[in-house]
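**Q** Sequence plus the predicted model coming up.
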Amino acid sequence: DTWIQLEAVETLSVTPAGQLVALSYTEYTGGSVSVYSRAGVLESRVRLPDALLNPQHAALTASGSFVVSHGDLYTDQHGVCLVSRDGAIMASYGQQPGSAPGQVNSPCHIALDAEDRVLVCDSGNRRVLLLDSKLNFRRVLLDRSSFGDDCWPLCLWFDRRAATLFVGFNTGLVVIYKLN
């Protein structure tokens, strides 16, 4: 067994190569994303910009940048950002919380497909979005008309081999969506 001691871990994700991506956040130290090898060795750590309030989830792209979702009930900025290895914001989607085009509301979880397109669990709007690798909107994959008003998405996992998205909801429902 390998043990890794992390500080204030919010979420974890795993790359196709088996690297562990850990998002950490405290209101005192801010946010950071750490990447660990399969053996538990720290490979890199990036301090997130202070503008990313309450980061929720992070994923590592094939090019080595990070996609980070941020924002919750207590912040006035909700979005998904592409962050470079040195911590600079390279692109973003969303800012003020809302449901209009270009807005998200509590984007709590993300996943990447084989083309580094970004799947966003837009929990507050009860929908799942597809953004391209530069964070341009492509389409709504699922919305409340697919699963009802009392149900909202909380987590995602994308199976790259089968091109299938698994979406977990607050009610225990799991939707399996074939991504074309």
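**A** Everything's here; your move.
**Q** can you give me the helices in the chain?
**A** 144-147 (DSSP state H).
**Q** any idea which residue sits dead centre in it?
**A** residue 110 (2.8 Å; C-alpha atoms, centre = their mean).
**Q** burial count for residue 175?
**A** By the criterion of other C-beta atoms under 10 Å, residue 175 has 16 neighbours. Where you see a C-beta, it was placed from the backbone N, CA and C, and this is true even at glycine.
**Q** Any idea what it is bridged to?
**A** residue 167 (DSSP bridges).
**Q** contacting residues for it?
**A** 142, 146, 147, 166, 167, 169 (C-beta atoms under 8 Å, 6 or more residues apart in numbering).
**Q** What's opposite the first one in the beta bridge?
**A** It refers to residue 142. Here residue 142 sits in beta bridges with residue 128, going by DSSP bridges.
**Q** so how far is the first residue of stretch 51-66 from its last?
**A** 15 Å (C-alpha to C-alpha, to the nearest Å).
**Q** Contacts made by that stretch with the rest, please.
**A** Counting by C-beta under 8 Å, 6+ apart, 10-11, 13, 15, 19, 21, 23, 25, 31, 33, 35, 46, 48, 67-72, 74-77, 81-85, 89-90, 106-112, 116, 118, 133 sit against stretch 51-66.
**Q** repeat that for 6 Å
**A** Here stretch 51-66 makes contact (C-beta atoms under 6 Å, 6 or more residues apart in numbering) with 11, 13, 15, 21, 23, 25, 31, 33, 48, 67-70, 72, 75, 77, 82-85, 108-110, 112, 116.
**Q** Alright, I will stop here.
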